[in-house]
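Engineer: Next comes the sequence, and after it the predicted model I'd like to discuss.
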Amino acid sequence: MIITNALTVYLIKPEFTETNQIIRDDINGLKSFEFENIGILYYVNSNVYPPTWQKSFFLNNPCLEGKLHNSSSKATMIVKIAIDENEERTFALVFGRGGSLINDTTIEERFGLKTALNLIGERNIRNISKVVIGGSQKNTIEQMPRQSTIDEFEIDIDTDLVVRVTGKVTEGNFVEGNVTGSDSLLIKHDTNVSNVKSFLRDIYDCYLSKEYLKSFEWIDQVKIVKDKNLILLLDQQVVMALNQKNDDFWMALPEIIEWDTIKGFRISGVRDTIFDDIYIDKVLDSLREALVSINSLKNKQIYPIDINDQELAPWTAYKCLYGELSYSGHSYCINNGKWYEIDNDYSSKIEKQYSESIVSDIEFIDCRQGQKEEEYNLEFTKSNRDNFICLDRKLITLGKSKNPIEVCDVLSKNNQLIHVKKYSGSSVLSHLFNQGFVSATLLKKGDNDYLKKSNDEILKLTGVEDFKLVPNKQYEIVYGIISKENESLPNIPFFSKISFCNIRDKLKLYGFKCSIKSIRKQS
């Protein structure tokens, strides 16, 4: 009987040739065993321990003693294969929770994704994980009940970065069944320690193939930056931005987690506090010295804490860093500890689309120094009471979910729904653009509950029918961005331009006019 093994395979970047670079040096109890002419297995002895809830909930009831146990195994095998006379490549095969033994900065990004796409082909996809680059950084998993083409998944090739894919291998390949690819390759095969080298050579040849570009050419319009000198320069720009409290960078989970199994997060150097999320200000505050090098974030560990109070495999603070910047005429974003460069043709297309945006003809007043958005909106409406009313913070709830909806910040008698936000990073601006889209969609649909509650609030504020929302009117959705820019068309981050153009085009399809304008912030 053929026995298959479930394998998790990583390719190591070529500059890391020594195992002491690949395997973390801060692992307690780390041991190794060498398989001659094959590779070295690194592992930690598994410890059996009672779950914490046995004590906290069942109060160490003696009837449970010795009957409930937790345990976890950690092992990683490092294998080197010869590519030609002058080149070797290193692989890491992970077993159990062995991924926590690897220094994640040594991993070749998207190795598994490209390999899997070459094996799967365009019609055999079952599952896709994607993240909205820039903007909200929303992570989404889509799964089909059968093998499907990429077109059957809801992917926006302008904003979605595919980070993981699962599908069935096409016939005639050296492997069969389903494979999953991200940074790692998850595959089932009858490989074992005796023949693993030949198997890895086949995997590497598949990784080098450009077959995937026939069906997934767009997947590389956002490319990983591999130039070490460029990465160093980009990291230096991040350090400067963080020291200037730049809102274009923030921190978030670098992967999807099961929240019901997580108690919180611990920052190395802050032993007594478990945070409910990863906050960039808390991470920066935990540094012993001022941030002068990106290495401070690469050395800072963020530990997920499970409900049994056990520390899970940590992420570096650098891997939790998100944001974007422009440098030397190109647009870059950092996501999951990796820098991505935007293809110039793609970048030019987005810049052209944004430059064609309609600039609102509303005469906004200046925003005073230190003035909050709510204060500005009130002052702006008071400057022209006959034409504007302030609906900022006037939230209404709909349906069973009771999610609050804001119609707009300012409503115009001339059928303009105005949404105002101070300039900030893509995450904040993406939220602003989506906020306008949600309220406009409800208006277009003529949602009776939405219209009644909105108009009740408007009538309560004005006492007149002039501002009443009516579904069949021609409305304009206006986005006002408060910034120090003097240009009428706001100079917003590249990924915010993508978000705006997408929302603008959707609003046009719904019959809305959409415009945008800078609101001058006084120095």
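Structural biologist: Perfect, thanks for sending it.
Engineer: can you map out the helices along the stretch 101-250 of the chain?
Structural biologist: Using DSSP state H, counting those that start in this stretch, the helices of the stretch 101-250 of the chain run over 111-120, 196-208, 213-216, 228-243.
Engineer: Determine which stretch of these is the most buried.
Structural biologist: helix 111-120 (a mean of 25; mean count of other C-beta atoms under 10 Å). (Each C-beta comes from the backbone N, C-alpha and C, glycine too.)
Engineer: Let me know the angle separating that one from helix 196-208.
Structural biologist: Angle between the axes of helix 111-120 and helix 196-208 is 80 degrees (criterion: axes from the mean of the first three to the mean of the last three C-alpha atoms, to 10 degrees).
Engineer: would you turn the helices of the stretch 101-250 of the chain into JSON lines with distance to residue 275 and mean pLDDT?
Structural biologist: Formatted as JSON lines, these follow (distance: least, C-beta to C-beta, whole Å; pLDDT from 0 to 100):
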{"stretch": "helix 111-120", "distance to residue 275": "31", "mean pLDDT": "94"}
{"stretch": "helix 196-208", "distance to residue 275": "38", "mean pLDDT": "95"}
{"stretch": "helix 213-216", "distance to residue 275": "38", "mean pLDDT": "84"}
{"stretch": "helix 228-243", "distance to residue 275": "18", "mean pLDDT": "93"}
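Engineer: can you list those in a markdown table and add distance to residue 55?
Structural biologist: Below are the helices of the stretch 101-250 of the chain laid out as a markdown table (distance: least, C-beta to C-beta, whole Å):
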| stretch | distance to residue 55 |
| --- | --- |
| helix 111-120 | 40 |
| helix 196-208 | 42 |
| helix 213-216 | 51 |
| helix 228-243 | 41 |
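Engineer: quick one, which of those helices is nearest to residue 87?
Structural biologist: helix 196-208 (10.7 Å; C-beta to C-beta).
Engineer: With only the CA atoms kept, save the closest one in PDB.
Structural biologist: Taking C-alpha atoms only, helix 196-208 is exported to PDB below (Å, rounded to 0.1, in the frame of the first residue of the first chain):
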ATOM      1  CA  VAL A 196      12.800  13.700  -0.700                       C
ATOM      2  CA  LYS A 197      15.600  15.300  -2.700                       C
ATOM      3  CA  SER A 198      14.400  14.200  -6.100                       C
ATOM      4  CA  PHE A 199      10.900  15.300  -5.100                       C
ATOM      5  CA  LEU A 200      12.200  18.800  -4.100                       C
ATOM      6  CA  ARG A 201      14.000  19.100  -7.500                       C
ATOM      7  CA  ASP A 202      10.700  18.500  -9.300                       C
ATOM      8  CA  ILE A 203       9.000  21.100  -7.000                       C
ATOM      9  CA  TYR A 204      11.700  23.600  -7.800                       C
ATOM     10  CA  ASP A 205      11.400  23.100 -11.600                       C
ATOM     11  CA  CYS A 206       7.700  23.700 -11.300                       C
ATOM     12  CA  TYR A 207       8.200  26.900  -9.300                       C
ATOM     13  CA  LEU A 208      10.500  28.300 -12.100                       C
END
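Engineer: Ok, which of the helices of the stretch 101-250 of the chain comes nearest residue 151?
Structural biologist: Per C-beta to C-beta, nearest to residue 151 of the helices of the stretch 101-250 of the chain: helix 213-216, 10.1 Å.
Engineer: Can you tell me what sits against the closest one?
Structural biologist: Contacts to helix 213-216, defined as C-beta atoms under 8 Å, 6 or more residues apart in numbering, come from residues 117, 121-122, 150, 220.
Engineer: so what secondary structure elements neighbour the helix ranked longest in the chain?
Structural biologist: Counting residues, the longest helix found in the chain (DSSP state H) is helix 426-445. Contacts defined by 3 or more C-beta pairs under 8 Å, 6 or more residues apart in numbering; DSSP states H and E place helix 426-445 against strand 321-327, strand 403-406, strand 416-422, helix 448-462, strand 476-483, helix 494-509.
Engineer: list the buried ones in that helix?
Structural biologist: 426-430, 432-433, 435-437, 439-440, 442-444 (16 or more other C-beta atoms under 10 Å).
Engineer: Stretch 185-197 now?
Structural biologist: For stretch 185-197, a neighbour-count test (16+ other C-beta under 10 Å) marks 185-187, 189, 191, 196-197 as buried.
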